[in-house]
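Q: one predicted model, sequence on top.
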Amino acid sequence: MDESSKYPFVSIIVFGLNEEKNLHDTFDAIMNIDYPKEKYELIYVDNGSKDESVAIAKNYTESVFIEDKGNPSPAQARNRGLLEANFDIIHFIDGDIVIDKNYLKKAVKKLEEMDIHAVYGYLDEKSKKGVNNILLTHWKDKKEGFSNAVGGGGTFRRNALLSIDGNDERIRRGAETELGERFRKAGFKIWYMNCKMGIHDYGVKNVWDLVKTYYIDGQSKSHIMMLSGKSDFIKTSNRTAINNILFCMFFLGLFIISAFFVGYYSLLVFFIVFYGYFFINYIMIKKIFSFKKLSYFFLMHNFKYITFWGQLVFFIKIIFNPSYRKLKILPKSKLS
């Protein structure tokens, strides 16, 4: 019996925008995965690159498609790939991800053995220096089990995605959060495997890059809230975001008043109280003593407020820019 006959067919969908510096590595890694070559097809969907991305992709596959009309986004590219795919198991890969050699075989096995409809693993950062090294702590400690959303890649049952009309193409960033919610509400199950899915070039080289990332993520979360307002999960997130924004404004106001009316010594007290809560919570209550883990939670303790400010700015944009509100009446996807 042919060894490859026990493996199901898979559609691997790569999507990207101006990823010429990464695509060779992305495709080369796919060519070297531990999975029978005759058992997968390779599809590339481009969002209108101005560099040599399309030319590079054509060296690896004939299935190259351009999606640069309307609202070009990863969600739109995923949907085009979903429509072009010929097989029931789909694996999505961002153009800046290098898939782990052993991931696909593990993911497909998990889909076949369990009553689940999507599976994913963690992504290592291309650079493990400085901030990136601290951030990686989060994924390595996550326990295997059912999950709420799939990250930037993930392996799906195609029929499950088609049944919920795929990705919401109105969302330019973070669409997988909204997709995960609809996926679960439709009765489908997502499983997180504590194994490496691949290596991702996050583009975070320093703390300032991280600040920008969290700020943009905050705006994306507000965008999803606006487009999915009827969702219980989104409503809860919305209330939480507003509460946290008010909390940030309160502390900012307290900070300014302390500096203006009392003097610099009060600022010292302010910081002691603000960060004293952090150390009491994580060291004395949660008993976390690892310097690396504490560094991670310390970063999150600070950067989550940047996310909240991003959310606030987006709500202000909605008030003054009607084009954001018009997105709500557009169709979610071409699969509808």
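A: Perfect, thanks for sending it.
Q: in the chain, which spans are helices?
A: In the chain, the helices defined using DSSP state H lie at 20-31, 53-58, 74-84, 103-113, 131-140, 158-163, 175-185, 207-227, 232-257, 264-279, 291-320, 322-326.
Q: what about stretch 93-101, how long is it end to end?
A: By CA to CA, to the nearest Å, the extent of stretch 93-101 from end to end equals 13 Å.
Q: residues contacting it, please?
A: Identification of contacts with stretch 93-101 by CB atoms under 8 Å, 6 or more residues apart in numbering yields 12-17, 19, 22-23, 25-26, 29-30, 32-34, 53, 74, 121, 123, 152-153, 195-201, 203. No exception for glycine: its C-beta is placed from N, CA and C like everyone else's.
Q: neighbours of W309, just the number please.
A: Look at W309: counted by other CB atoms under 10 Å, it has 18 neighbours.
Q: helices or strands next to the longest strand seen in the chain in the packing?
A: The residue-count maximum for a strand in the chain (DSSP state E) belongs to strand 190-200. Strand 190-200 is packed against strand 97-99, helix 103-113, strand 118-125, strand 145-146, helix 175-185, with contacts defined by 3 or more CB pairs under 8 Å, 6 or more residues apart in numbering; DSSP states H and E.
Q: what's the closest of the ones you listed to G70?
A: Among the helices and strands packed on strand 190-200, the nearest to G70 by CB to CB is helix 175-185 (14.4 Å).
Q: could you dump the closest one to CSV, C-alpha only?
A: Coordinates of each C-alpha in helix 175-185 appear next as CSV, following Å, rounded to 0.1, in the frame of the first residue of the first chain:
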residue,chain,number,x,y,z
ALA,A,175,-10.6,39.4,11.0
GLU,A,176,-9.7,36.0,12.5
THR,A,177,-11.1,37.2,15.9
GLU,A,178,-14.5,37.9,14.4
LEU,A,179,-14.3,34.7,12.2
GLY,A,180,-13.5,32.6,15.3
GLU,A,181,-16.6,33.9,17.0
ARG,A,182,-18.9,33.1,14.1
PHE,A,183,-17.2,29.8,13.7
ARG,A,184,-18.0,28.8,17.3
LYS,A,185,-21.5,30.1,17.3
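Q: so for that helix, mean pLDDT?
A: Averaged over helix 175-185, pLDDT sits at 87.
Q: what does that helix contact?
A: By CB under 8 Å, 6+ apart, the surrounding residues in contact with helix 175-185 are 73-75, 78, 117-118, 147-152, 154, 160-161, 164, 166-169, 171, 190, 221, 224, 227-228, 231, 233-234.
Q: what's the angle from the longest strand of the chain to helix 20-31?
A: Here strand 190-200 points in a direction 120 degrees away from that of helix 20-31 (axes from the mean of the first three to the mean of the last three CA atoms, to 10 degrees).
Q: mind listing what's buried along strand 190-200?
A: I190, W191, Y192, M193, K196, M197, G198, I199, H200 (16 or more other CB atoms under 10 Å).
Q: name the nearest residue to the fifth one, sequence neighbours excluded.
A: Yep, that's K196 we're talking about. D100 (4.6 Å; CB to CB, 6 or more residues apart in numbering).
Q: report how many residues lie close to the one you found.
A: For D100, using other CB under 10 Å, the count is 20.
Q: and it, what are its phi and psi?
A: Main-chain torsions, D100, degrees, to the nearest 10: phi -70, psi 140.
Q: please report the distance of it from I288.
A: To I288, D100 is 29 Å away according to CB to CB, to the nearest Å.
Q: about what we covered before: what sits up against the longest strand of the chain?
A: Around strand 190-200, the neighbours that count as contacts under CB under 8 Å, 6+ apart are 29, 93-94, 96-100, 102-103, 106-107, 110, 114, 116-126, 142-153, 180, 183-184.
Q: buried only: go through the residues you listed for me.
A: 29, 93-94, 96-100, 103, 106-107, 110, 116-126, 147, 149-153, 180, 183-184.
Q: pretty sure G203 contacts D209?
A: Yes - with contact defined as CB atoms under 8 Å, G203 reaches D209; the gap is 6.6 Å.
Q: picking up where we left off before, need the helices and strands packed on strand 190-200 in CSV with distance to N59, can you?
A: What follows is those, written out as CSV (distance: least, CB to CB, whole Å):
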stretch, distance to N59
strand 97-99, 17
helix 103-113, 21
strand 118-125, 25
strand 145-146, 39
helix 175-185, 29
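Q: with respect to F314, which of these lies nearest?
A: helix 175-185 (14.8 Å).
Q: what's the burial count for the closest residue to K221 other than its chain neighbours?
A: In space, and not counting its chain neighbours, K221 is closest to Q311: 5.8 Å by CB to CB, 6+ apart. The tally of other residues near Q311 (other CB under 10 Å) stands at 25.
Q: same check, this time on S11
A: Counted with other CB under 10 Å, S11 comes out at 22.
Q: next one: the one 4 residues further on
A: Residues lying near F15 (other CB under 10 Å) number 25.
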